[in-house]
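Undergrad: this one's sequence-less:
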């Protein structure tokens, strides 16, 4: 049905265009670059028009449009300078530069500057704190991508690793265990403060390693299970660990997690006085004041880059190819000599590692680790990021994570405000509903819609990896005897453009 | 024969870890459980039995929901994640019927009460059955040929959508249903009391279960269901309309969830949008404990989980308490899946887990 609908829309579209003398045949005969330029110009034109009509116009919108056009229209892949395929890196580097400089052009300190246009419906550009969260969730989504995207194991309890990392930071960099007094490079610790205070940089690594160990311990007995059973077991662990955190204020009389109060305050990261005086690095992130958020943002950017590097390198390694082989056909992979348990456990441990690091960083950013933050919905939230962007696709997962984190922190609020302002009580357009609509309240329903729609209409995600897309469309599709609609050959429908 | 013996000798040391250590741990756990139950029983027999009645009530409720999971899993091999939320909407439907349509108050006469409860039961069952069939048509059927995990992911999506429908409909706080069931005792002897309130839950559940058994075992449609569960393609070749049979299964599962919803609304009297998620997972665990895909197994598993929950929350000697219920239930789920994935009554299949 969907294919027929697409074909109908496409046919109608070309009929409209042929009125103006542009038939599908003539369009196809144009050079590739011309077609891309025309498409790019048309889309950015529509975008600019929408901003001018519905948003708040700023001349910087033209600059943004120009940057988008420069990045999208030329085939950068084909740029070769003295034998090096430098071109393929240009869009990546440009995006990276835009991200690094974001604090300077988008926000004064924490608020958004007026120099940027306000988008229609979505409103202002994300705040710095949202950008930090985007980084943290990107890291977690990339971690989950090892498990779900590469190895094809559905993990519904990823929040357990996040919680584990967060509590590692809580235990090793706060005054939680006041019985002891351990110090190792902790930043901003006043003299006489008890507890364990280890430098956050070491804690990040330790949190990752311990979480990976927990991942292995969880994985060893459970990874033998078939796909959907594994999903349920991981969900079980994702419920048990946070409950232990909630009830852990008197485990046999020992206060492990401080119960529902959570552990707070947690030491901030920092480079210490020596690095501050000699290298100009911030000595204590917690005492930065106006540059607080941007310093955290740049730090998480470095961590995210590290995660991307590991993702890409591991994907192409022997281990990564084994993961993909298991994802595509477990039995064939086993027959080819891929050790199933070991390979799956590694996927689990790697995913857990990055989840743990992200969790510890998040705890350090917030200054607390609180059991209220770890519930099943967060696991699914991270899963939606991976699925929306495209399982196994690094750019896709990054996009999914950034977009959904933005929606969750600000986007839904802005959209709700826009909708209520136009269609709500006393709205400027038509008053459709008479009580203000609380859009952020429905966030998980909206993510549910995204899950269903993506799985039904584009299971490979928005920015798919070519391999995964092929898998969803040909490889594993079985043809059933009783269902004519799904058994129909693909060639009978015209593919949309 | 000689080579055969040799291979056995080679194989044995490799198996020893998994085949001796794991059952030992399982036996120790079961032994601890038994000792704990016996000591509690000796310390207060009447109290123990009263708690047992609560467990029976919970078990009956869980059975209704667990059967929905097991029916759907049996026929599609799909964990219908949205089932718990269908149950929650069933409770919402029932609450609406009781409060807004029948305007029941605790002072209503017995005749009105029975008529209204039966009326609400029918409406809730019909509404949930249709809802479940529609969900199957929209979210699962288009993915029949897709990788196994695809429908599971849409099921999670549907579950969230249903929760938000409940928020939009009833708001994010608890919907309260006044306690309508009579509080008197069915019998009371030597400190052991069994109230009507608890008995009515069983009274609603047992006929529903009997009708379901009759439906699956004796009717033509039930035969089609069993055939489809066994082999979809072969069933299609025998002239069974597979899609219709699957839709019918979802209808039945939804109707059971609706009945469960009414029972929940009457017995607990408090429903919120996330009620179904918690209870759904517990019921799913029950289905797994009994052997997923196995109907009597689901009832047995539900009773086990009901008793475990009641004993955990009610017993006095070294009971972990309600703070730990979820952890215990999920630990059981994990242990069962790891040690005995076919459940208490299920059969071990070649691809089993």
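TA: Looks like it arrived, so ask away. Worth saying up front: this structure is predicted, and the values here are computed from it rather than measured.
Undergrad: strands of the stretch 1-150 of chain B, start to end?
TA: Counting by DSSP state E, counting those that start in this stretch, one finds no strands in the stretch 1-150 of chain B.
Undergrad: can you list the residues of it near chain A?
TA: Where the stretch 1-150 of chain B comes near chain A, counting by CB under 8 Å from any CB of the partner chain, the residues are B:77-79, B:139, B:142-150. C-beta coordinates here come from the backbone N, C-alpha and C atoms, glycine included.
Undergrad: quick check, nearest of these to residue A:471?
TA: Using CB to CB, residue B:147 comes nearest to residue A:471 of these, at 7.7 Å.
Undergrad: how deep is that closest one tucked in, by neighbour count?
TA: Residue B:147 has 20 neighbours, counted by other CB atoms under 10 Å in any protein chain shown.
Undergrad: I'd assumed residue A:455 was in contact with it.
TA: No - taking CB atoms under 8 Å as the definition, residue B:147 is not a contact partner of residue A:455, at 10.1 Å.
Undergrad: OK, contacts around the residue nearest in space to the middle of chain B?
TA: Nearest residue to the geometric centre of chain B (CA atoms, centre = their mean): residue B:66, 2.0 Å. With contacts defined as CB atoms under 8 Å, 6 or more residues apart in numbering or on different chains, residue B:66 is in contact with B:283, B:284, B:286, B:287, B:290, B:298, B:299, B:301, B:302.
Undergrad: helix or strand for the last one, which one?
TA: Under the criterion DSSP states H and E, the helix or strand holding residue B:302 is helix B:295-314.
Undergrad: per-residue pLDDT of the closest residue to residue A:425 other than its chain neighbours, please?
TA: Residue nearest to residue A:425 in three dimensions, not counting chain neighbours: residue A:434, with 5.4 Å by CB to CB, 6 or more residues apart in numbering or on different chains. Looking at residue A:434, its pLDDT is 78.
Undergrad: dihedrals phi and psi, residue A:434?
TA: The phi and psi torsions at residue A:434 (degrees, to the nearest 10) take the values phi -110, psi -10.
Undergrad: what's the closest non-adjacent residue to residue A:448?
TA: The shortest distance from residue A:448 to any residue other than its chain neighbours is 3.1 Å, reached at residue B:160 (CB to CB, 6+ apart).
Undergrad: would you verify that that neighbour is located in a strand?
TA: No - counting by DSSP: H, G, I helix; E, B strand; the rest coil, residue B:160 is located in no strand; its state is helix.
Undergrad: any low-confidence regions in the stretch 251-353 of chain B?
TA: The stretch 251-353 of chain B contains residues with pLDDT under 70 at B:347-353.
Undergrad: does residue B:55 really touch residue B:311, like I thought?
TA: Yes - at 6.5 Å, residue B:55 counts as touching residue B:311 under the criterion of CB under 8 Å.
Undergrad: sorry, back to before: does the helix holding residue B:302 reach chain A?
TA: No - taking CB under 8 Å from any CB as the criterion, helix B:295-314 and chain A are apart, separated by no less than 13.2 Å.
Undergrad: next: stretch B:319-338.
TA: Yes - between stretch B:319-338 and chain A, judged by CB under 8 Å from any CB, the touching residues are B:323, B:324, B:326, B:327, B:330, B:331, B:333, B:334, B:337, B:338.
Undergrad: who touches that stretch?
TA: Among residues not part of stretch B:319-338, those counted as contacts by CB under 8 Å, 6+ apart are A:221-222, A:224-225, A:229, A:232-233, A:235-237, A:239-240, A:243-244, A:246-247, B:22, B:26, B:29, B:40, B:278, B:281-282, B:284-285, B:288-289, B:305, B:308-309, B:311-313, B:343, B:353.
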